[in-house]
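>>> The sequence and its predicted three-dimensional model are supplied below.
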Amino acid sequence: MASIMQKNKQTLLQTDPLDTSLSANNLSLKHGKAHIIDNLDVALPAGKVTAIVGPNGCGKSTLLNGLSRVHMPSGGEVLLNGNNIHRVPSKEVARYLALLPQDTSAPDGISVAELIRFGRHPHQSLMQQWAMDDQQAIAYALAAADLNELKDRQLDTLSGGQRQRAWIAMSIAQETPLLLLDEPTSALDLGHQIEVFELIRHLSQEGKTIAMVVHDLPSACRYADHIIAMKGGKIITQGPPKDVMTKALVRELYGIECDLIEDPMTGSPILINIKRVKA
Amino acid sequence: MMNTKTHSLENMPPQPQLEGHTTLPLGGESQLLLEHRALRRNAILLAMLALSSIAFLGMGSMVLSPLQVIQALLGQGSELNQFIIQHLRLERLLAAIFTGAAFSLAGCLMQTLARNRLATPGIIGIDNAAMAFAVSSIVSTGISLAPSAMALAGAATATALAFGLAGSSGTRGYRFIVAGIGIGAIAGALTQLMLSQVDIDTANAAYPWTVGSLSARSSSMVYALGIGLLISLIACLIWARRFALLPFSDQVITGLGEQIKKIRVAALSLSVLLTGLAVAVAGPVGLVALVGPELARAMSGYRGIPLIGSAIAGAFIMVVADLVGRTLLSPIELPVGIVTSIVGAPYLIWILVRRSPRN
């Protein structure tokens, strides 16, 4: 804990993002009395995009909330750089780990630039409300998410994809080596999905470690380096998309039969000939 | 002037800029960020408050000119004028400013907390419960400072009940509001019941509490409110950055490194403290809590949570309302609570109707 306290925001940017690690040890998470996840071990591969997939109710979002310290574990621990994440001051954690949740309610009438500025919150304090760092981080976030022309627009006047880009820009402004996203493309049409996934790839190339909950299996295979497949609160398998994606896995996760072929352009697996398994 | 300014800035390190804001360097790595729109709004509201205050001090059975008012405030002019201003009207003005600011700030905090513009302390029953407790102390004891403490206790009790009845949804969601409305109705009925059971003189003494009036205030309660308001305003300035996060989801707030529970408890406590103290001075004038924040918002568009702006706007509304109440049908005095309802309700409807079609 002392070590992370000393790594304050001055050294954060110089910290090699590959050195920042997030993992769970024996993690158990409960909703009320229902056990969602029991004794789960997982580590996010550094510098890669990890997609967490699985059927509805398998505990994907719960795991993401557990990893991001939103959900208090009932057992086990989440480790950020080897420290129990709940023992590190939350503001300190927020300089290492950004979270984009599904519930993206925002103040009425807020503009894109105002939203993105909230990403600087963990770097600011009562007596440090707007430093040079903040100005640079906002400028970078606006450019990375290609929002310079939209920055003065009200958030609720944007299209779904633009709005999601604004939220991602807020997490970029947070300047964290780790980024967790809960279904970042769930409500978006195909064009906007690609827009968001490409931005996520871009951030990964800049060195961020990213984990996202994704519903669409082909997109997960196409845009992630590492797949974690979950069912019933357990990890069934994990690894690079080409290795883990099999007919048997698809049948186990979703109860459907399909054939898998390789995308001739990208080499990532594609599902064809999809049928429901007859009971 | 511009020349000398740019000249002196040449030797300084570059200051961070933000459109529509001024950064105020405090030395070292410290700086404050001041938003032009909020500053302009607060300056306009302060000017409106100052003008209405001068009118407030000048009007009455003996009318004084603005110049006479200012002279009397500064200890100049005739002794009669000084006596009227400093001893007769100033305390009532302070009571109006303090109660208006307290109700309105409490309303803004509660609206933000519940994410619902209807969720003001008046509507969720805090005013009524504070009133019921205060009236119970008057009809049973008649000690002058007790109503203040009792009103606070009533406010806290109502909030705790509404919170408890709301269950897991907490301050967010309709259950909190509906539970509060129920508690307010019960408290209102209990007040009426108590008043119907006592002799006419005691009921008369307690009556101003039930309509909202500044004529039955006690000095000690006004000062208690003043101190509570000052503490709350300072707390709001220090916590403004955190309160600004309240409209976001729990995950976003946690993700940005803040503890939701602490922020909620702070906002709720301040709101209850301010409402309880203000009811102890003026009775339930809850509409100010609804109209004050709306006026502050209407003047700024969205730019954060207008805490300070709400306080000034509420003070202004209360001063004008009491001025109207004192002078409109003079020598008959209308209780300020009735004036805020007559004037405030249509104004509130107008604001809501005017603002609803968003661009």
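Perfect, thanks for sending it.
>>> What ranges does the stretch 151-279 of chain A have for its strands?
A:178-182, A:209-213, A:226-231, A:234-239, A:256-262, A:269-276 (DSSP state E, counting those that start in this stretch).
>>> those helices in the stretch 101-250 of chain B, which residues are they?
Here the stretch 101-250 of chain B has its helices, by DSSP state H, counting those that start in this stretch, at B:126-140, B:146-166, B:174-197, B:200-211, B:219-243, B:250-255.
>>> which other residues reach stretch B:220-240?
A:126, B:91, B:94-95, B:98-99, B:101-102, B:105, B:109, B:144-145, B:147-148, B:243, B:263, B:266, B:270, B:273-274, B:277-278, B:280-281, B:304-305, B:307-308, B:311 (Cβ atoms under 8 Å, 6 or more residues apart in numbering or on different chains). In this view, the C-beta of every residue, glycine as well, is placed from N, C-alpha and C.
>>> Can you name the residues of chain B sitting close to chain A?
Counting by Cβ under 8 Å from any Cβ of the partner chain, the positions of chain B adjacent to chain A are B:14, B:16-19, B:21, B:23, B:26, B:29-33, B:115, B:238, B:241, B:244-245, B:247-252, B:254-259, B:301-304, B:358-359.
>>> try it again with 7 Å
Taking Cβ under 7 Å from any Cβ of the partner chain as the contact definition, chain B meets chain A at B:16-18, B:23, B:26, B:29-33, B:238, B:247-252, B:254-259, B:301-302.
>>> Neighbour count says what about the residues you listed? Which are buried?
B:16, B:18, B:23, B:31, B:33, B:247-249, B:251-252, B:254-258, B:302 (16 or more other Cβ atoms under 10 Å in any protein chain shown).
>>> show me the contacts for B:Gln31.
Under the criterion of Cβ atoms under 7 Å, 6 or more residues apart in numbering or on different chains, the contact list for B:Gln31 reads A:Gln128, A:Gln129, A:Trp130, A:Ala131, B:Thr23, B:Leu24, B:Pro25.
>>> For the first one, which non-adjacent residue is closest in space?
Leaving aside its sequence neighbours, A:Gln128 sits nearest to B:Ser30 (Cβ to Cβ, 6 or more residues apart in numbering or on different chains; 5.8 Å).
>>> So that neighbour versus B:Asn42, what's the distance?
Per Cβ to Cβ, to the nearest Å, B:Ser30 is found 22 Å from B:Asn42.
>>> Now for the closest residue to A:Ala131 other than its chain neighbours: which residues touch it?
Ranked by Cβ to Cβ, 6+ apart and with sequence neighbours excluded, the top spatial neighbour of A:Ala131 is B:Pro16, at 5.7 Å. Under the criterion of Cβ under 7 Å, 6+ apart, the neighbours of B:Pro16 are A:Trp130, A:Ala131, A:Met132, A:Asp134, A:Gln135, B:Thr23.
>>> surely the residue nearest to A:Gln128 meets A:Gln129?
No: the pair B:Ser30 / A:Gln129 is not scored as a contact, 8.7 Å apart, by Cβ atoms under 7 Å.
>>> and chain A, which residues reach chain B?
A:65, A:68-70, A:90-91, A:93-94, A:98-99, A:101, A:103, A:105-110, A:118, A:121-122, A:126-132, A:134-135.
>>> Only the buried subset of those residues, as a PyMOL command please.
In PyMOL, this line selects whichever of the residues of chain A next to chain B come out buried by 16+ other Cβ under 10 Å:
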select buried, chain A and resi 65+68+69+70+90+91+93+94+98+99+101+106+107+108+109+110+118+121+122+128+129+130+131+134+135
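>>> Would you confirm that A:Ser171 contacts A:Leu179?
Yes: taking contacts as Cβ under 7 Å, A:Ser171 lies within contact range of A:Leu179: 5.7 Å.
>>> Find the residues that touch each one of the two.
Common neighbours of A:Ser171 and A:Leu179 (Cβ under 7 Å, 6+ apart) are A:Ala98.
>>> how about B:Leu334, phi and psi?
Backbone torsions for B:Leu334, taken as degrees, to the nearest 10, come to phi -90, psi 130.
>>> need the helices of the stretch 101-250 of chain B in JSON lines with mean pLDDT and distance to B:Gln82, can you?
Below are these laid out as JSON lines (pLDDT from 0 to 100; distance: least, Cβ to Cβ, whole Å):
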{"stretch": "helix B:126-140", "mean pLDDT": "85", "distance to B:Gln82": "33"}
{"stretch": "helix B:146-166", "mean pLDDT": "85", "distance to B:Gln82": "29"}
{"stretch": "helix B:174-197", "mean pLDDT": "88", "distance to B:Gln82": "39"}
{"stretch": "helix B:200-211", "mean pLDDT": "79", "distance to B:Gln82": "28"}
{"stretch": "helix B:219-243", "mean pLDDT": "93", "distance to B:Gln82": "18"}
{"stretch": "helix B:250-255", "mean pLDDT": "94", "distance to B:Gln82": "53"}
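>>> quick one, which of these is packed in tightest?
helix B:126-140 (a mean of 27; mean count of other Cβ atoms under 10 Å in any protein chain shown).
>>> Give me the distance from that one to the chain's centre.
20 Å (Cα atoms, centre = their mean, to the nearest Å).
>>> Next, the angle from it to helix B:146-166.
140 degrees (axes from the mean of the first three to the mean of the last three Cα atoms, to 10 degrees).
>>> which residues touch helix B:126-140?
Under Cβ under 7 Å, 6+ apart, the answer for helix B:126-140 is B:121, B:146-147, B:150-151, B:153-155, B:157-159, B:183-184, B:187-188, B:190-191, B:194-195, B:198, B:202, B:205-206, B:209-210, B:272, B:275-276, B:279-280, B:283-284, B:286.
>>> Equivalent analysis for stretch A:135-144, please.
So stretch A:135-144 is contacted by A:116-117, A:119-120, A:148, A:151, A:169, A:172-173, A:175, B:16-18 (Cβ under 7 Å, 6+ apart).
>>> Can you say which two of the residues you listed are spatially most distant?
A:Ile172 and B:Gln17 (20.0 Å; Cβ to Cβ).
>>> quick one: low-confidence ranges for chain B?
Chain B contains residues with pLDDT under 70 at B:1-13, B:141-145, B:168-173, B:216, B:301-303, B:355-359.
>>> show me the contacts for the spatially closest residue to B:Ile183 that is not a sequence neighbour.
Closest residue to B:Ile183 apart from its sequence neighbours, by Cβ to Cβ, 6+ apart: B:Gly125 at 4.0 Å. By Cβ under 7 Å, 6+ apart, B:Gly125 lies in contact with B:Ala158, B:Ala162, B:Gly180, B:Ile181, B:Ile183, B:Gly184, B:Ala187.
>>> ok, B:Gly125 to chain A distance?
For B:Gly125, the distance to chain A (Cβ to the nearest Cβ, to the nearest Å) stands at 26 Å.
>>> Can you report phi and psi for that residue?
phi 90, psi 0.
>>> And it, how far from B:Ala179?
Distance from B:Gly125 to B:Ala179, by Cβ to Cβ: 8 Å.
>>> Between these two, which contacts overlap?
With Cβ under 7 Å, 6+ apart, B:Gly125 and B:Ala179 have common neighbours B:Ala162.
>>> Run a quick neighbour tally on B:Glu19.
A count of nearby residues for B:Glu19, using other Cβ atoms under 10 Å in any protein chain shown, gives 8.
>>> hang on, it in a strand?
No: counting by DSSP: H, G, I helix; E, B strand; the rest coil, B:Glu19 falls outside a strand, being coil.
>>> What sits closest to it if chain neighbours are left out?
A:Ala113 is the one closest to B:Glu19 (Cβ to Cβ, 6+ apart), at 7.8 Å.
>>> SS state for the one you found?
Relying on three-state DSSP, one would call A:Ala113 helix.
>>> Do I have it right that it meets A:Arg153?
No: A:Ala113 is beyond contact range of A:Arg153, at 9.1 Å (criterion: Cβ under 7 Å).
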